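**Student:** Just a sequence and a predicted model for now, questions to come.
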Amino acid sequence: MLRRQLNNLALRPYPILLLILGMALTELFLSAWLSDDALITVRSVLNLISGYGPSFNLDERVQSFTHPLWFLLISLVTLVTRNAITSLQILSIGFSFAVLVIFAIKIAKTRFGLYFGLAILMCSKAYVDFSSSGLENPLSHLLLLLIILWGAKARENISHQSVLIFFLLCSFLCINRIDLFLIILPFVVFTVWHYRRNKKLIILCALFGAIPLAVWTTYAIFYFGFPFPNTAYAKLGNIPFGGRLALIEQGLRYFQVSFLWDPITLSIIAICIPLGLKGAHWIKAISIGIVLYLIYIILIAGDFMVGRFFTAPLLLSVVILGSSQISIFSKKILGTLFFAMAALGIYLNYPSFFGRHQDSITIHGITDERSHYFGNLQTTHKLLQNHSWKPAPLASNMHIDCGLLGILSIQLGPSMHIADECALADPLLARLPIIPLGDWRIGHYNRKIPLGYKESLVSNINALKNSELKAYYEVLRQIVRGPLFSWERAKAIAMMNLGLINRPDLTYLYDSAMPIPKLNERIKFNTPVGHFYLPPTEFGWSYENQQGIWANNFRSLILFPLPENLPKYLDLTVGAWIHPKHPKQDVKIFLNGIFAQQVTLDQESDNLINIEIPASALKKKIVMLEFEFLNAKRPKDLGVGNEKRIMGMSLEAFEYH
């Protein structure tokens with residue numbers, strides 16, 4: 001053991017290492033910026049230390065932050081600094097520098113791995129960007145390194161202390177960012193397997209190590225009413241037009257766009273995964289964890305912040321690199337690739353690489369956040385220094401917006417109730433489904449404000465117009481606005497989390513409930529009965545056609561309630577805009593988000609579309625039909641009259657049988 005430590009010390013010429021670490025620390029200070037999402041957390045921090053509770057709005061108990069441990073640390077440090085922005089800088093830069101020091105002293109096993117690993121982290125735009133953004137990445141990085149170190153220590157020296165600390169660190173990682181546990185899960189499994197003959201030790205340490213996570217989860221359920229952040233309910237489970245395939249395509253775009261901004265990061269990850277799979281068992285476990293996490297990124301469609309989700313995989317890739325024996329030939333290849341990717345990254349994105357502010361550039365909804373917000377750190381710092389965080393008495397102001405929620409929430413102060421249409425901090429909107437039409441941006445799923453919701457928020461009443469939504473909101477209000485200690489609230493929390501109260505569907509946009517149709521009942525849209533089934537205009541329809549309703553979008557959707565006697569088929573009578581210059585309409589049809597069929601319409605009216613209803617759709621109260629018009633045109637574009645609307649298909653009647 002002593003000889004190995006002396007060998008490790010000999011690998012590190014400390015004057016050179018100190019110079020490199022000094023350069024890294026300077027880079028962290030010069031590149032420091034502040035993400036708008038970090039300011040969402042800051043508002044909750046200010047509310048907590050001012051005695052109003054850890055909520056975003058004072059009149060609702062909602063967990064708007066996704067990183068409870070990071071939130072708690074910021075709150076504790078702010079009690080000392082009295083400025084949350086200063087706290088963010090101290091924690092971000094401090095933890096980020098600690099990660100570099102731990103890697104240099106404890107992780108790297110070769111001189112090449114040491115210097116090359118530090119160079120990668122210092123030249124990775126994603127890693128540098130999110131080491132000082134105010135988000136939780138630095139704490140996540142530190143916890144990941146400590147888990148690896150204590151996992152190794154636990155395997156070398158079997159003791160209750162080392163194993164307990166290992167599980168405590170895993171618990172803290174889950175509290176900080178629960179989805180990151182996936183990246184370390186194979187390593188945890190490998191460590192537990194190492195102790196398979198000492199099951200009692202593992203079980204006891206795992207139970208005690210899970211106490212912090214259990215305590216926070218219990219508190220979250222008690223205070224907020226839910227175990228997960230509000231953003232999880234707002235973002236996950238929403239399927240845009242095209243189904244889950246659209247999410248996977250967006251996830252792949254996240255890789256593509258991230259490479260264009262930052263070639264080094266993804267290149268190193270791609271190289272280190274197979275390198276790790278050839279290494280020791282614990283290194284193989286880390287490589288498998290990276291792969292699992294990359295798959296997870298694809299499945300959730302990535303993020304709107306370019307590179308944010310790749311910093312943890314990059315750090316673990318550098319751990320693999322620093323812990324592996326690499327041949328001289330491989331070193332030359334890696335060195336050449338590194339300099340090529342560094343030069344390419346600077347060439348593709350030199351303004352942001354050197355920390356200059358530039359206009360936000362968005363590709364597929366993915367943005368270089370640092371280049372856009374760089375320079376706002378000092379502005380926000382001064383804003384908080386001159387800002388009294390005290391609510392006006394009996395304030396009932398409200399602001400509705402989506403985007404720049406963080407800075408707006410600080411500027412408007414604690415008295416302003418902010419209902420963001422992206423639902424990051426709004427409990428009801430977070431549980432409403434998105435309208436899966438048109439363009440969408442990951443992490444920014446806009447909702448339509450239900451009728452009566454503004455009055456409900458301002459007056460603290462339930463004034464919603466839709467009866468089913470009103471009943472749901474009454475239960476939710478009991479959780480987020482009702483007395484903290486009450487039996488009724490406890491019952492509401494249990495029922496909501498156990499799924500005994502169904503989440504609203506898109507029928508919340510209808511003023512009144514749609515009547516239940518009967519089997520073999522033909523319902524025309526130009527009759528009084530058919531009027532009840534008219535979809536909102538947000539669903540992509542207009543009502544100017546006497547023969548029914550007209551799709552005036554490249555995508556449209558409609559909802560039909562299911563009859564009491566479950567049907568097997570749904571017949572649609574439709575029309576189409578047909579002209580010698582446009583002899584047919586090609587339409588893709590999706591049922592409940594799943595592709596059903598593609599049809600070609602070649603006559604103006606009385607086209608019959610027969611759709612088989614799968615058994616899975618019969619479990620729901622409604623059927624959602626989505627139409628994608630593959631070759632719809634504007635007549636004016638074809639030189640046919642002056643009609644500027646998109647002319648695709650009209651819906652004249654429907655019938656179950």
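**Tutor:** Arrived safely, thanks for sending. Quick caveat: nothing in here was measured; it's all calculated off a predicted structure.

**Student:** okay, CA-based contacts and neighbour counts for the rest of this
**Tutor:** Noted.

**Student:** chain center to stretch 142-158: distance?
**Tutor:** 29 Å (C-alpha atoms, centre = their mean, to the nearest Å).

**Student:** Show me which residues of it are buried.
**Tutor:** Leu142, Leu143, Leu144, Leu145, Leu146, Ile147, Ile148, Leu149, Trp150, Gly151, Ala152, Ala154 (16 or more other C-alpha atoms under 10 Å).

**Student:** And the strands in the chain, which stretches?
**Tutor:** With DSSP state E as the criterion, the chain has strands at 362-363, 366-367, 397-401, 416-420, 523-524, 541-542, 549-551, 555-561, 569-576, 585-591, 594-601, 607-612, 622-629, 649-656.

**Student:** residues contacting Arg244?
**Tutor:** Taking C-alpha atoms under 8 Å, 6 or more residues apart in numbering, we find Arg244 in contact with no residue.

**Student:** what does Glu643 give?
**Tutor:** Per C-alpha under 8 Å, 6+ apart, neighbours of Glu643: Arg634, Pro635, Lys636.

**Student:** Give me the distance between Pro483 and Asp368.
**Tutor:** Note on Pro483: its distance to Asp368, by C-alpha to C-alpha, to the nearest Å, is 43 Å.

**Student:** Between those two, which has more neighbouring residues?
**Tutor:** Between Pro483 and Asp368, Asp368 has the larger neighbour count (other C-alpha atoms under 10 Å), namely 25 against 11.

**Student:** Can you check the pLDDT for the residue nearest to Asn552 when sequence neighbours are not counted?
**Tutor:** Nearest residue to Asn552, sequence neighbours excluded (C-alpha to C-alpha, 6 or more residues apart in numbering): Ile646, at 5.0 Å. Confidence at Ile646, expressed as pLDDT, is 81.

**Student:** just checking, Ile646 touches Leu630?
**Tutor:** No. Assessed by C-alpha atoms under 8 Å, Ile646 is found out of contact with Leu630, at 11.6 Å.

**Student:** out of those two, which sits in the busier spot?
**Tutor:** Legend: neighbour count by other C-alpha under 10 Å for Ile646 and Leu630, higher for Ile646 (19 against 14).

**Student:** Which residues are in contact with that one?
**Tutor:** The contact partners of Ile646, by C-alpha under 8 Å, 6+ apart, come to Ala551, Asn552, Asn553, Phe554, Ala632, Lys633, Arg634, Pro635.

**Student:** got a winner among those residues for most neighbours?
**Tutor:** Most surrounded of those: other C-alpha under 10 Å gives Ala551, at 27 neighbours.

**Student:** For stretch 109-129, buried residues please.
**Tutor:** Those buried within stretch 109-129 under the rule 16+ other C-alpha under 10 Å are 109-118, 120-129.

**Student:** Name all residues that make contact with the nearest residue to Ala210 once chain neighbours are set aside.
**Tutor:** Nearest non-adjacent residue to Ala210, counting by C-alpha to C-alpha, 6+ apart: Ser171, 5.5 Å away. Neighbour list for Ser171: Gly209, Ala210, Ile211, Pro212, Leu213 [criterion: C-alpha under 8 Å, 6+ apart].

**Student:** would you turn those residues into CSV with neighbour count, distance to Leu534 and pLDDT?
**Tutor:** Supplementary listing: those in CSV, determined by neighbours: other C-alpha atoms under 10 Å; distance: C-alpha to C-alpha, whole Å; pLDDT from 0 to 100:
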residue, neighbour count, distance to Leu534, pLDDT
Gly209, 21, 55, 94
Ala210, 19, 52, 95
Ile211, 15, 53, 97
Pro212, 17, 51, 97
Leu213, 20, 48, 97
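
**Student:** Mind checking which of those are in helices?
**Tutor:** Judged by DSSP state H, the contacts of Ser171 include Gly209, Ile211, Pro212, Leu213 as members of helices.

**Student:** Farthest pair within those?
**Tutor:** For the ones in helices among the contacts of Ser171, the farthest-apart pair by C-alpha to C-alpha is Gly209 and Leu213; their separation is 8.3 Å.

**Student:** confidence score at the residue nearest to Pro483 when sequence neighbours are not counted?
**Tutor:** Leaving aside its sequence neighbours, Pro483 sits nearest to Arg489 (C-alpha to C-alpha, 6+ apart; 7.3 Å). You'll see Arg489 listed with a pLDDT of 96.

**Student:** Measure how far stretch 608-616 is from the centre of its chain, please.
**Tutor:** 33 Å.

**Student:** Tell me how far Trp150 lies from Ser162.
**Tutor:** Taking C-alpha to C-alpha, one finds Trp150 at 7 Å from Ser162.
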